[in-house]
Each structure stands twice: as C-alpha cells, then as structure tokens.
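Colleague: what follows is a predicted protein model with its sequence.
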Amino acid sequence: MQPILMKLDVIPCTFLKRLNRFVALVEVGSEERMALVTNTGRLEEFMIPGKKAFCTPKSGGKTDFVLVAFEDLGGKGAVIDTRTQAEAFERAVEFGLVPWLRGCSIRRKEITVGKSRLDYLFDCPGGEIYAEMKSAVLRGGDRGEYAMYPDCPSVRGQKHIKELIELSKAGKRAMIFFIGAMPGVEKFRPYEKGDPEIARLLKEAKKAGVEIHALSISLLPEGVVVLERPELEVEV
C-alpha cells in the first residue's frame, strides 16, 4: 500500500485552455471558471482542451480554483501544482519516508545563496544540506517510465544548479531533487530538448559532488496524495 501524504478537497474539472502563464480556463460543473496555475512549465502533454483534471477551491484574487492535477494513468492524477508537490514532499520527510533524507529535518526554507534562493536547508545527522526542488512532470521513455525536467528552457533552473555546484566546491553538502509527480514512473532523467544547458549542468553537478535524487507522487481520484516511489533511479 502506498503511503498517504495528505488529503485535498478536490473537485473534478475539465481543462479548456491556458490564458497565460499563471491562469487557466476550466469547466467546473457546467460553468467556466478561472484557475491558478503554479507550474510555469509548458505542460503541453497535459494542457489539452477537454482533458479531465482536478481542481481545489481557493479564495481571494482573480481565480476561483487551483489547477492541481490532470487525470493520468489508471485514473490517478499527475500533480502539476508545485505547492502540493512541496507540501507532499515535506510530509514524506517528516514521516521518515525519504531514504536519502532519513533523520533530517527542515531548518529553513527559501535560503539566499549568492544571487539565488534555494528551497531548503536541512539539518541532518551528517551535517546541513542546501537543497533545491524541481518539478518533473514530463513523461518519457518507451514505456513512459521516465519523469523528466525541464520541458522548456529555464534560466532560473540553470542558476540554481550553478549555485549548488559552487556550494559543493566550497565543501558544503548540496543537493538537487526532482518530484516525479506522475503515476507509474520509475526513473528520472533530464530532458535535453527542453534545455540542453540544464542537462549539461546536471552532469557537471554530479562530478562536483552535488547529490541528485528523485521520488514520485500521485493523486488518487478521492483527493489523497500518495508516495508512489520514495526513490527513483536517476540518470544524468
């Protein structure tokens, strides 16, 4: 049985179109409503007019819902909402379900390093770890077994990896990890067509001693977010 990480108040919705980087038009019931999109990737394999999705209600602002996930393999949801990804990951760490962070706790979030902000600073038995989380919701491979990142060029992602490389070279423990937020994925690899520089930097990061990990989550139709695999095989 896959460990339960959190429960969301999801409402079935239908994706209609992306209005801009942060807003999508969805159909809830028989009404067209606007939904917040927190993931800045292109998400072209999911954002298809008429595709079934999962939304959660929100209050305030110009949108009424958050577009959390799209229906994927076996009726499970591929979680595109980066806030849900982060919260699910943090629960997994808290519950001791992440083997590569066992015994660790989050000391701080949004850490300024150089000219960038990294997502986490962990306290671990072996010392502190500076870490950055990335969303991997592009499926690849002959069997769809890979979660991949990024699906488009990311200058911000490049900067983060460069900062991690410098931290590692300075003798600090640095990590980048990927949330393969889709059912059925087994491995992670960078998507070179999305951003060849990211792929190159990840190879450089590995050589410099930056730790690279990945795990996978998915959303069940009733709104339960589960940990699919606590560790994906990483190929960089």
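Modeller: Great, that's in hand.
Colleague: ramachandran coordinates for residue 174?
Modeller: Note on residue 174: its backbone torsions stand at phi -130, psi 150 [degrees, to the nearest 10].
Colleague: which residues does it contact?
Modeller: Under the criterion of C-beta atoms under 8 Å, 6 or more residues apart in numbering, the neighbours of residue 174 are 129-131, 164-165, 167-168, 205, 209-211. For glycine as for every other residue, the C-beta is placed from the backbone atoms N, C-alpha and C.
Colleague: residue 209 too?
Modeller: Contacts of residue 209 (C-beta under 8 Å, 6+ apart): 168-169, 174.
Colleague: helix or strand for the residue nearest the centre of the chain, which one?
Modeller: For the chain, residue 135 is the residue whose C-alpha lies nearest the centre (C-alpha atoms, centre = their mean; 2.5 Å). Using DSSP states H and E, residue 135 maps to strand 127-136.
Colleague: residues in a beta bridge with the closest residue to residue 229 other than its chain neighbours, which ones?
Modeller: Leaving aside its chain neighbours, residue 229 sits nearest to residue 216 (4.6 Å; criterion: C-beta to C-beta, 6 or more residues apart in numbering). Under DSSP bridges, the beta-bridge partners of residue 216 are residue 180, residue 229.
Colleague: hmm, residue 187 and residue 216 touching each other?
Modeller: No: look at residue 216 against residue 187 with C-beta atoms under 8 Å: they stay out of range, at 9.7 Å.
Colleague: more neighbours, these two?
Modeller: Set side by side, residue 216 and residue 187 show more neighbours around residue 216, with 26 against 18, by other C-beta atoms under 10 Å.
Colleague: enumerate every residue touching the more buried one.
Modeller: Counting by C-beta under 8 Å, 6+ apart, residue 216 makes contact with 147, 179-183, 185, 227-229, 232.
Colleague: any of those buried? List them.
Modeller: Buried by 16 or more other C-beta atoms under 10 Å: 147, 179-183, 185, 227-229, 232, out of the contacts of residue 216.
Colleague: my guess is residue 211 contacts residue 175. True?
Modeller: Yes: using C-beta under 8 Å, residue 211 is in contact with residue 175, at 4.2 Å.
Colleague: and for the two, which residues touch both?
Modeller: Counting by C-beta under 8 Å, 6+ apart, the common neighbours of residue 211 and residue 175 are residue 129.
Colleague: now stretch 41-61 - C-alpha only, CSV.
Modeller: This file holds the C-alpha atoms of stretch 41-61, laid out as CSV (Å, rounded to 0.1, in the frame of the first residue of the first chain):
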residue,chain,number,x,y,z
GLY,A,41,6.4,24.7,-17.4
ARG,A,42,4.7,24.3,-20.7
LEU,A,43,2.9,21.2,-19.7
GLU,A,44,1.8,20.5,-23.3
GLU,A,45,1.2,16.8,-22.8
PHE,A,46,-1.5,17.7,-20.2
MET,A,47,-2.9,21.0,-21.2
ILE,A,48,-5.1,19.6,-23.9
PRO,A,49,-8.6,21.1,-24.3
GLY,A,50,-11.2,18.8,-22.9
LYS,A,51,-8.7,16.9,-20.7
LYS,A,52,-10.1,15.8,-17.3
ALA,A,53,-8.4,17.4,-14.3
PHE,A,54,-8.6,18.1,-10.6
CYS,A,55,-9.1,21.5,-9.0
THR,A,56,-9.2,22.8,-5.4
PRO,A,57,-11.3,25.8,-4.4
LYS,A,58,-9.4,29.0,-3.4
SER,A,59,-10.5,32.4,-2.0
GLY,A,60,-9.1,35.8,-2.9
GLY,A,61,-7.5,37.0,-6.1
